[in-house]
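**Student:** show me the folded form of this:
(chains A and B)
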Amino acid sequence: MTSHLPALIVLTPLVAALVVPVLAILARVLVRPVAVLSLAASLAASLASLQRVLAEGPWSYHFGGWAPPWGIEYVIDPLSGGMAVLVSFFALLAAFYAPAYLGVLAQLREGALGSLFLLLVAGLLGVVVTGDVFNLFVFLEISSLAVYALVAAGGNRATVAAFRYMLIGTVGASFYLLGIGYLYAATGTLNMADLAARLPAALETRVAAVGLALIAAGLGVKVALFPLHGWLPDAYSTAPAPVVAFAAAVQTKVAAYAFFRIFYFVVGPGGPVEPLLRLVGLAAAAGIVAGSLLALAQRDFWRMLAYSSVAQLGYVVLGLSLGTRLGLYGALLHILNHALMKGCLFMVAGAVRWRTGRQDIAALTGMARKMPLSMGALFVAAVSMIGLPPTGGFFSKWYLVLGSLEAGAWGYVVVIIVSSLLSAAYFFRVIEQVYLRRAPAPESEAGRKPEEEAGREPEAKAGREQEAGREQEAGREQEPEAATAARRRPWELPWPMLVPILLLGAGVVVAGLSSGFIIREVIQFAVPVEPF
Amino acid sequence: MAPDGLIGHLNYWAIALLFLLGLYGMTVLNNLVKKLMSMNIMQVSIIMFYLNLAQKAGGTFPVLLPGELHPEAAAYVNPLPHALMLTAIVVSLATTGVALALLMRIYRRYGTLEENDILRRMAGR
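**Tutor:** Okay, the predicted model is just below:
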């Protein structure tokens, strides 16, 4: 059994994805336990694999007993093991959060949504553990297709956003596929280890240069690297909260992982790689500044978070493009930290949407009284986004700054500091709304609760805030039940929503305090011995 | 051997043209179905690209006939790209399926598939 752990990481959610729709017809009660158990099993398999890999070194699993260059190989090393743990952990949290958030929708379409979510998780885990560039493409598309459908579950606007996301995402995947076609033409192999052995001979050719440029562009779309980020804000501001929290936390990170894997483990230095990485670094730096500025301009909390994601993904890619050891530490640490804080922020934003049906920043006014625990988590995550110690965001930015200095890139240091100031500007605006402003209308203080629901309708009709009104339409489809349920509960949120939020909020601080430990125990081994 | 340059690589030029045609259609056309069709054209061009990589002059189909004991690899067309493209075709089929389902929902809600009209209806009806 233990010798098949790498396969089980991917196969348990994949099999569960096939079983769940059948269960939804035959025995509805079993759907949720099966989904949660399969994700828990996947997390356990990831943890066990990571532990073994840290003790014994990389672990190659041959599918069906076929030796690597011919058969499909799964490779667990500290990098892929760590990513697998991250992905399956967030999947488990989202699986707890989602049914409570979706309410009626979940009961009606539990089979379909659950199955799609499990497919998404299986696809992402597949990208992480595979040792074959074509296999990576297939898994990338499995996860992308699932996420298009899940985004569309957010209502009418979300469907349009999902269609656009699908067009752009498919272009990205096609570029990637074309790119590995070039590498295949140059080397005759698709296995990562085999490619790594054969590519140096072909690296100076134009074929390799074009192939790598296409791969970088294709994965750039999936990571939402700056000029290719267009799909992200619409998709993330309209989709259901659990989907966004999960996708923002890990989906784009998995694409960043694929980028890292290919450029540092398969290709290695030389030829077109360094100019290409320099270009990618510039795009990332531009994305950091542009994303922060655009986030500052938003009145919709979700869109603000989405643009801030563009900026934060810029940090990750910037670190990956530096090619220095500390820069890579920073990038990997930021993958973890940003997953924790952005997952937390989107879950809190989802909780606010769940209770009020609104998603503009003004909806947060005075929320500190109504939802003290979630707003506490929001505060911690926001502090981490700004990058103040002792939260995780500080440490990853610290390593990114050190990495930039090591590479002699002073410009990037300036970019990181300026963007931190900008994110302080837009997150303090949110914190001010939450903690310092009183709830707006005094008359609502007495009769607020019964009016809450009625108060939403005229708001939408006035269309005062286009962004806010826009969501209402999608929000209303999923929410009315939720708001009534909230009133009856003693807690600010049902516990399946509250616990993941608090866990992530605590995780932000814990990850910050233990960042030295994480680097020493995992990240240090995940970075190639000779970065360039 | 085929000559180099434009004429020798005519098939690849045609594929590049097809790819760019698809990309152009996706960016320029206003109708969402036409965008989807352009996307399919782009995907087909990539499939053609891989299949062209497999081809060689005088190569035969890669099936081992009963009598042959020591097959010469060079005599066969490379079967791997074909196998890869079967998977890629399935992926593109699934993408098209999801896209059509999304388009049905969009059409049911907005009554049109012209992107401009949808955006106008979203903004203020």
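**Student:** only C-alpha atoms from now on, for both contacts and neighbour counts.
**Tutor:** Fine.
**Student:** could you list the low-pLDDT ranges of the chain?
**Tutor:** Picked chain A for this. Counting by pLDDT under 70, chain A shows low-confidence ranges at A:1, A:104-109, A:439-490, A:529-532.
**Student:** ah, no, chain B please
**Tutor:** B:1-7, B:125.
**Student:** interface residues of it facing chain A?
**Tutor:** Residues of chain B lying close to chain A (C-alpha under 8 Å from any C-alpha of the partner chain) are B:26, B:36, B:39, B:42-43, B:46, B:50, B:53, B:84, B:87-88, B:91, B:94-95, B:98-99, B:102-103, B:105-106, B:109, B:122-123.
**Student:** please indicate which of these are buried?
**Tutor:** Buried members of those, counted by 16 or more other C-alpha atoms under 10 Å in any protein chain shown: B:26, B:36, B:39, B:42-43, B:46, B:50, B:53, B:84, B:88, B:91, B:95, B:98-99, B:102-103, B:105-106.
**Student:** now, the residues you listed that are in helices?
**Tutor:** Those of these mapping onto helices are B:26, B:36, B:39, B:42-43, B:46, B:50, B:53, B:84, B:88, B:91, B:95, B:98-99, B:102-103, B:105-106, per DSSP state H.
**Student:** next, name the residue at the spatial heart of chain B.
**Tutor:** The C-alpha lying nearest the average C-alpha coordinate of chain B belongs to B:Val44 (C-alpha atoms, centre = their mean; 1.6 Å).
**Student:** how about A:Val151, what does it touch?
**Tutor:** By C-alpha atoms under 8 Å, 6 or more residues apart in numbering or on different chains, the contact set of A:Val151 is A:158-159, A:161-162, A:235-236, A:238-240, A:243-244.
**Student:** other SSEs contacting the host helix or strand of B:Asp117?
**Tutor:** According to DSSP states H and E, B:Asp117 maps onto helix B:115-124. On a contact count with 3 or more C-alpha pairs under 8 Å, 6 or more residues apart in numbering or on different chains; DSSP states H and E, helix B:115-124 meets helix A:466-478.
**Student:** what's in contact with stretch A:245-265?
**Tutor:** So stretch A:245-265 is contacted by A:83, A:86-87, A:90-91, A:94, A:124, A:127-128, A:147, A:192, A:196, A:216, A:219, A:222-224, A:236, A:273, A:309, A:313, A:316-317, A:320, A:335, A:338-340, A:342-347, A:528, A:531 (C-alpha under 8 Å, 6+ apart).
**Student:** doesn't A:Leu232 make contact with A:Ile168?
**Tutor:** No - taking C-alpha atoms under 8 Å as the definition, A:Ile168 is not a contact partner of A:Leu232, at 10.1 Å.
**Student:** of the contacts of A:Val151, just the buried ones, ChimeraX syntax please.
**Tutor:** Here is the ChimeraX command that picks out the buried ones among the contacts of A:Val151, judged by 16+ other C-alpha under 10 Å:
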select /A:158,159,161,162,235,236,238,239,240,243,244
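**Student:** which of the contacts of A:Val151 fall in helices?
**Tutor:** A:158-159, A:161-162, A:235-236, A:238, A:243-244.
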